[in-house]
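> Fold the following, please.
(one chain, ligands or ions: 2)
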Amino acid sequence: MKLMVVGGGGREHAIIKKLKESKKVEKIYALPGNGGIARDAECVNIAATDIPKIVDFAEKTKIDFAVVAPDDPLVLGAVDALEDIGIPCFGPHANAAIIEGSKVFSKNLMKSFDIPTAKYEVFDDMKKALEYVKTAPIPTVIKADGLALGKGVIIAETREDAEKAVRSMMEDKIFGESGSKVVIEEFLTGPEVSVLSFTDGKTVIPMISSMDHKRALDGDKGLNTGGMGTVAPNPYYTDEVAKECMEKIFLPTINAMSSLGRPFKGCLYFGLMITADGPKVIEYNCRFGDPETQVVLPLLESDLFEIMQATAEGRLSEIEVKFSKKNACCVVLASNGYPKAYEKGFEIKIGEIADNADFYIAGAKLENGKLLTNGGRVLNVVAKADTLEEAIKDAYKASENITFENAYCRKDIGQRALKALV
Ligand code: AMP
Ligand code: GLY
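Numbers count the residues shown, from 1 in each chain. Ligands and ions are numbered 1, 2, ... in the order given. This is a model prediction of the structure:
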């Protein structure tokens with residue numbers, strides 16, 4: 001089988017490495033991929049959002065199966081366009097990807113179908129939004145309706161900050177048209193859990209749970225980032241919590257989408273908070289998480305391609321999805337300065353990697369045979385071990401053998417999870 005993976009970050013590298021383990025997979029193209037992914041797939045210089053070029057390439061190359069990984073091409077209808085020319089895909093249609101593409105859609109979905117989430121109001125008129133934050137409970141959470149590179153959420157600790165956040169989204173349009181509508185919601189507290197799931201619109205199979213570390217600095221301080229590290233499984237996601245999530249969140253969400261004529265097939269990501277009132281949905285993503293995928297897929301023991309094919313064909317109920325009992329830890333090596341300004345172009349040197357470790361390249365390019373840094377989040381180092389403590393230790397140890405100038409990583413990935421275990 002000839003596969004095409006749309007996307008070009010660490011998540012896509014992890015997907016490609018796992019797909020390569022399948023006996024059925026002969027060749028993988030990555031669009032656009034990156035200099036590190038080029039070790040494992042043939043990279044084709046087509047942007048992940050350039051749907052006409054993606055379709056053209058897939059047709060000419062006679063691709064047998066496509067995986068569309070990032071949110072923007074999914075929301076823009078890449079799967080619809082590829083299926084129109086007869087190429088089976090893993091990923092939702094645009095009418096289901098809206099579950100991430102519009103927060104107003106997803107909040108209204110949860111309200112209509114009684115799926116637990118934070119209380120909220122929607123505004124398309126800035127004056128009304130400003131009026132509302134004058135009396136809203138503080139802290140309050142302000143979210144741009146549309147996609148905003150994972151940065152469209154502002155937690156306002158004071159009324160002044162809430163007003164500023166509303167103005168920045170609705171007047172200054174810091175997230176462009178994504179901020180034309182905003183959701184203002186109740187601030188919830190509790191540990192966060194990410195659960196990625198395979199679903200074909202009828203069956204939902206949660207993958208092993210994970211924990212992201214979104215802030216740039218140790219101790220969960222500093223700016224929000226795309227994610228500085230992950231561990232799996234997440235100790236807060238007990239069997240009891242998992243059961244409650246399946247009954248109150250996962251199945252109701254899948255059934256709600258199907259009942260609206262928007263069956264979701266692909267990977268549905270549940271961003272959850274375990275509050276004193278039980279698990280609640282913080283966000284849905286219409287795709288694999290990054291860097292959650294980098295700890296979840298290494299623990300997958302079943303054939304990823306077979307699962308993806310079954311998902312696309314609506315026969316997920318026939319498939320067994322098995323995960324290892326081990327723990328995994330992923331440390332993101334970033335360019336110093338990320339998520340603000342940072343330098344690029346430093347050579348990445350990769351030394352020996354232990355048997356229980358691996359790495360995925362997120363932001364790098366190949367130039368004259370050298371791998372050079374080319375992004376904020378440069379690469380992900382992952383280790384697997386019997387205990388979480390060992391997985392953390394081994395991921396940090398492995399990260400010492402991959403070096404580049406100006407490298408930065410958080411030193412406390414997994415420490416919060418370890419505390420939950422004592
Ligand atoms: P999101 O981009 O929706 O994942 O939001 C980014 C982060 O903001 C989440 O991971 C949470 O830590 C936080 N957040 C979002 N919504 C809420 C909420 N209602 N209450 C508390 N924290 C929230
Ligand atoms: N790690 C969070 C996300 O993928 O949205």
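> quick one, what contacts Lys384?
Residues near Lys384 by CB atoms under 8 Å, 6 or more residues apart in numbering: 298-299, 324, 326-328, 356-357, 391, 394. Placement of C-beta: from N, CA and C, glycine included.
> Filter these down to the buried ones, ChimeraX style.
Here is the ChimeraX command that selects the buried residues among the contacts of Lys384 (16 or more other CB atoms under 10 Å):
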select :298,299,326,327,328,356,357,391,394
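> so which of the contacts of Lys384 comes closest to Asn374?
Ala357 (22.9 Å; CB to CB).
> is that closest one in a bridge, and if so with what?
Here Ala357 sits in beta bridges with Ala383, as judged by DSSP bridges.
> Just list the residues touching it, thanks.
Counted by CB under 8 Å, 6+ apart, Ala357 has contacts 381-384, 394-395, 397-398.
> now those residues: which count as buried?
For those, buried by 16+ other CB under 10 Å: 381-384, 394-395, 398.
> Out of the contacts of Lys384, list just those in helices.
Using DSSP state H, the subset of those located in helices is 391, 394.
> excluding its backbone neighbours, what's nearest Thr158?
Ile138 (6.5 Å; CB to CB, 6 or more residues apart in numbering).
> An error on my part: the question was meant for Leu196.
Met207 (4.7 Å).
> so can I have JSON lines of the contacts of Lys384 showing pLDDT and distance to Leu82?
What follows is the contacts of Lys384, written out as JSON lines (pLDDT from 0 to 100; distance: CB to CB, whole Å):
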{"residue": "Pro298", "pLDDT": "98", "distance to Leu82": "28"}
{"residue": "Leu299", "pLDDT": "98", "distance to Leu82": "29"}
{"residue": "Ser324", "pLDDT": "98", "distance to Leu82": "32"}
{"residue": "Lys326", "pLDDT": "98", "distance to Leu82": "35"}
{"residue": "Asn327", "pLDDT": "98", "distance to Leu82": "36"}
{"residue": "Ala328", "pLDDT": "98", "distance to Leu82": "31"}
{"residue": "Asn356", "pLDDT": "98", "distance to Leu82": "37"}
{"residue": "Ala357", "pLDDT": "98", "distance to Leu82": "35"}
{"residue": "Ala391", "pLDDT": "98", "distance to Leu82": "37"}
{"residue": "Asp394", "pLDDT": "98", "distance to Leu82": "39"}
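> So which of the contacts of Lys384 is the closest to Pro52?
Among the contacts of Lys384, Pro298 lies closest to Pro52 (CB to CB), at 34.6 Å.
> for that closest one, what are its contacts?
14, 18, 328, 358, 382, 384 are the contacts of Pro298 under CB under 8 Å, 6+ apart.
> for Cys409, same thing?
The contact partners of Cys409, by CB under 8 Å, 6+ apart, come to 228-229, 331-334, 399.
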